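>>> the sequence isn't on hand, but the structure is:
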């Protein structure tokens, strides 16, 4: 799909980490000008250097997703630079525990970053996106099903799916499309740090019998953000190796 995003400007919130970086590479390779946001300035600058070397154009804006004023300033800057695509990939998790044993402070952090951070970002993005613009949220298969021991994370990701579908309805008259991807077990973050035996065990639970890659999630984001998905809104595209096909 090289060149499919020529002339477009994409804001990527949560550009650090395996999936965020892969999304930046995919959208940049497709021709989009990139505005990259995350908390870690050093990682952002390194990513921009790598993208520049690959021929993409990227600006970086260090931003903490829980700082409402910082998010507003970020989106205002992106709008001034012609943003017509927004990807919201900010999120965090917590240690597995049954709900009755969950540390409430950890739950608050997950909800503040993953749910409220996405909601605030979308609030500002939808106020400035041009007609025909696009938002892609990064949810999770935990946003469409339960996951033992992950109550706060599951609640937050279910809420991201709800935000996605509701905004799609609210903004359809302006042809602003709002979709989400729902990654399953991806070789990124904490999974990458596991021993090979554990990673293989996790991957074998999927019908495709392997972990997904960040690049495969990014390919789904690219399609949803692109004109190729012009008639798709309110959708949640699972990238899970077929696990969801088994149903309950």
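Okay, I see it. It should be emphasised that the depicted structure is a prediction, and the values quoted were computed from it without experimental measurement.
>>> got phi/psi on the nearest residue to residue 208 once chain neighbours are set aside?
Spatial nearest neighbour of residue 208, excluding adjacent residues (CB to CB, 6 or more residues apart in numbering): residue 241 at 3.9 Å. Placement of C-beta: from N, CA and C, glycine included. Backbone torsions for residue 241, taken as degrees, to the nearest 10, come to phi 70, psi 20.
>>> equivalent analysis for residue 114, please.
Here the main-chain torsion angles of residue 114 (degrees, to the nearest 10) amount to phi -80, psi -40.
>>> give me the packing partners of the lowest-mean-pLDDT helix or strand in the chain, helices and strands only.
Ranked by mean pLDDT, DSSP states H and E, the helix or strand of the chain with the weakest confidence is helix 196-204, at a mean of 90. Packing contacts for helix 196-204, counted by 3 or more CB pairs under 8 Å, 6 or more residues apart in numbering; DSSP states H and E, involve no helix or strand.
>>> what are the buried residues along the helix or strand just after that helix?
Stepping forward along the backbone from helix 196-204, the first helix or strand reached (DSSP states H and E) is helix 214-225. Buried residues in helix 214-225, counted by 16 or more other CB atoms under 10 Å: 214-225.
>>> and the very next helix or strand once past helix 214-225, average pLDDT?
Next along the chain after helix 214-225, taking DSSP H and E as the criterion, comes strand 236-239. Summarised as a single mean, pLDDT over strand 236-239 is 98.
>>> what does stretch 119-133 give?
Mean predicted confidence for stretch 119-133 is 98.
>>> next one: stretch 7-20
96.
>>> quick check: end-to-end length of that stretch?
21 Å (CA to CA, to the nearest Å).
>>> repeat that for stretch 111-130.
Using CA to CA, the two ends of stretch 111-130 sit 29 Å apart.
>>> ok, of the buried residues of helix 214-225, which one's closest to residue 67?
Using CB to CB, residue 221 comes nearest to residue 67 of the buried residues of helix 214-225, at 24.5 Å.
>>> from residue 180, how far out is that closest one?
Applying CB to CB, to the nearest Å, the value for residue 221 to residue 180 is 9 Å.
>>> run through who's touching the biggest helix by length in the chain.
Longest helix in the chain by number of residues (criterion: DSSP state H): helix 151-170. Residues from elsewhere that reach helix 151-170, judged by CB atoms under 8 Å, 6 or more residues apart in numbering: 91, 93-94, 98-99, 102, 106-107, 110-111, 114-115, 118-119, 122, 126, 135, 137, 139-140, 142-144, 146-147, 177-180, 182, 233-234, 236.
>>> can you select the buried ones from these in ChimeraX?
Buried members of the contacts of helix 151-170, defined by 16+ other CB under 10 Å, are picked up in ChimeraX with:
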select :91,93,94,102,106,107,110,111,114,115,118,122,126,135,137,139,140,142,143,144,177,178,179,180,182,233,234,236
